[in-house]
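# A predicted structure for the sequence below; I have some questions about it.
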Amino acid sequence: MHNESTCATHQALFRERLWNDYHPLPMPAFIVRDFFMSAPKPFQPSPRTWLSKFQDAFAGVYHGIAGQSSFLVHGLAFLVVLVLGVVLQIAAWEWVAVLLVSGLVVTLELVNSALENLARAITVNHDSHIDRALKIASAAVLVAAGVAIIIGLIIFGPPLWKLVS
C-alpha cells in the first residue's frame, strides 16, 4: 500500500539515482534531507480581517478592469442604460432586471479577466486546454451581453418607439 511518505521516499530515491547517473560526487545530504525527503507544506493563508477582505476585493476589481478595453464598452453601455432608465422613468421591476443583467455581464467579465491572468501565470506557451477555457469564458460574457441586450430592447424598445414615432 502506498501512502504519502512512501511516495515521497520513492521520489527521493529516484532523484538521487538521477543525480548519481550524471554527477561524479554523491548527492549532498542536505539536498536529500531539505528538498527531497520533506513533504510539501499545504498553503495556509493567514487569518484576515473583514477590512482586508474588502480591500482585496476592491483591488481585484481594479486589477480586473485596468487595461481591459471591454470594460470601457460595458461601462459606456451601462451609463447609457442608466440615463435611459431615468429619462424614460422605467418601473422598479425593470430597474431590477437591468441591474441584474448588467451586474452579470460585469461579473463574468471580471471572471474572464481573472482566468486570462491565471493563464498567463501558468504558462507562456500555447496550451490547447487553456485556450479552450479562455474561449469558453469569453463565450459566457458574450451570452450574458446578448441576454442583456435582449432585455434592454424589451424594456427600452416600446418607450423609445413612442418617442420616435
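Looks like it arrived, so ask away.
# going forward, measure contacts between C-alpha atoms and count neighbours the same way
OK.
# number of residues surrounding Val143?
As a burial measure, Val143 scores 13 neighbours (other CA atoms under 10 Å).
# in what helix or strand does it lie?
Take DSSP states H and E as the rule and Val143 turns out to sit in helix 128-164.
# host element of the residue nearest the centre of the chain?
Taking CA atoms, centre = their mean, the centroid of the chain lies closest to Ala114, which sits 2.5 Å from it. If you go by DSSP H and E, Ala114 is part of helix 92-122.
# elements contacting that helix?
In terms of contacts (3 or more CA pairs under 8 Å, 6 or more residues apart in numbering; DSSP states H and E), helix 92-122 is packed against helix 50-65, helix 69-88, helix 128-164.
# tell me which other helices or strands the helix holding Val143 touches.
Short answer (3+ CA pairs under 8 Å, 6+ apart): helix 128-164 packs on helix 69-88, helix 92-122.
# just name the most buried of those helices.
Highest mean neighbour count among those (mean count of other CA atoms under 10 Å): helix 92-122, with a mean of 17.
# quick one: contacts for Gln44?
Counting by CA atoms under 8 Å, 6 or more residues apart in numbering, Gln44 makes contact with nothing.
# helix, strand or coil for it?
coil (DSSP: H, G, I helix; E, B strand; the rest coil).
# local confidence estimate at it?
Gln44 is assigned a predicted lDDT (pLDDT) of 78.
# how near is it to Glu94?
44 Å (CA to CA, to the nearest Å).
# ditto for Trp50
Counting by CA to CA, the gap from Trp50 to Glu94 is 33 Å.
# how about Val164?
Going from Val164 to Glu94 by CA to CA gives 21 Å.
# name the nearest residue to Val61, ignoring sequence neighbours.
Leu110 (7.3 Å; CA to CA, 6 or more residues apart in numbering).
# list the contacts of the one you found.
Leu110 makes contact with Val61, Gly64, Ile65, according to CA under 8 Å, 6+ apart.
# among these, who's most crowded?
Gly64 (20 neighbours).
# so that residue touches Ala114, yeah?
Yes - under the criterion of CA atoms under 8 Å, Gly64 makes contact with Ala114 at 6.7 Å.
# next, format the helices and strands packed on helix 92-122 as CSV and append distance to Ala119.
Formatted as CSV, the helices and strands packed on helix 92-122 follow (distance: least, CA to CA, whole Å):
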stretch, distance to Ala119
helix 50-65, 14
helix 69-88, 18
helix 128-164, 7
